[in-house]
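# Test case, fold it:
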Amino acid sequence: MNSFVRLGFFPPGYNFGLLVLRVCFGFGLFWCHGLSKISNFAQMSQHFADPLHIGVRTTLMLAIFAESVCAFLVVLGLATRWAAIVIAIDVGVAFSLVHKFRLTGQGNGEVALLYLTVMVVLFICGAGRYSLDGKA
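Numbers count the residues shown, from 1 in each chain. As a prediction, this is how the structure comes out:
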């Protein structure tokens, strides 16, 4: 690789990039979405969307599982592919059935699409060397 393009302070390879991707998006999902659903469960269970018609409380509990437990597993890099596919299904349902594929305007699903894209990449690539999965 050209020495002008290569930055010497970054480790070579994609493992460091996967670490940054996992930690930033996993923690962001947990902090911005998982915790708010946990702390406001009673209020959210009254008006949460039920796109799969399995019950509002059940849908909310599945979303909490995906956006808190699975997001935390992604940060740790533990069972990353399984956790990423659960999150991808969760945000894929949100993007398609709740936001109706809208990328502009009020109530758009831009953030859901970003999380969906990142989780599909993590499902394909795995957690990388700098993870609990990589230690095994």
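# what residues does the lowest-mean-pLDDT helix or strand in the chain touch?
Confidence across the helices and strands of the chain bottoms out at helix 132-135, with a mean of 84, counting by mean pLDDT, DSSP states H and E. Identification of contacts with helix 132-135 by C-beta atoms under 8 Å, 6 or more residues apart in numbering yields Asn15, Leu76, Gly77, Leu78, Ala79, Thr80, Gly126, Ala127, Gly128. Heads up, the C-betas are built off the backbone N, CA and C, glycines and all.
# Thought Ile85 was touching the fifth one, still the case?
Just to be clear, that refers to Ala79. No - with the criterion set as C-beta atoms under 8 Å, Ala79 and Ile85 do not qualify as a contacting pair; they are 10.2 Å apart.
# in the least confident helix or strand of the chain, what counts as buried?
For helix 132-135, burial by neighbour count (16 or more other C-beta atoms under 10 Å) applies to Asp133.
# Also stretch 42-54?
Buried, per 16+ other C-beta under 10 Å, within stretch 42-54: Met44, Ser45, Phe48.
# distance of the closest residue to Leu21 other than its chain neighbours from Phe95?
For Leu21, the nearest residue in space outside its immediate sequence neighbours is Val118; the separation is 6.2 Å by C-beta to C-beta, 6 or more residues apart in numbering. Relative to Phe95, Val118 is positioned 13 Å away (C-beta to C-beta, to the nearest Å).
# quick revisit: the contacts of helix 132-135 in helices, which ones?
Those of these mapping onto helices are Asn15, Leu76, Thr80, per DSSP state H.
# ok, Tyr79 to Tyr14 distance?
No, residue 79 isn't Tyr; it's Ala. Relative to Tyr14, Ala79 is positioned 20 Å away (C-beta to C-beta).
# Give me the more crowded residue out of these two.
Shown here are Ala79 and Tyr14; by other C-beta atoms under 10 Å, Ala79 has more neighbours (15 against 12).
# ok, now which ones touch the nearest residue to that one once chain neighbours are set aside?
With C-beta to C-beta, 6+ apart as the measure, Leu73 is the residue that lies nearest to Ala79, at 5.5 Å, once sequence neighbours are left out. For Leu73, the contact set (C-beta under 8 Å, 6+ apart) comprises Gly26, Ala79, Thr80, Trp82, Ala83.
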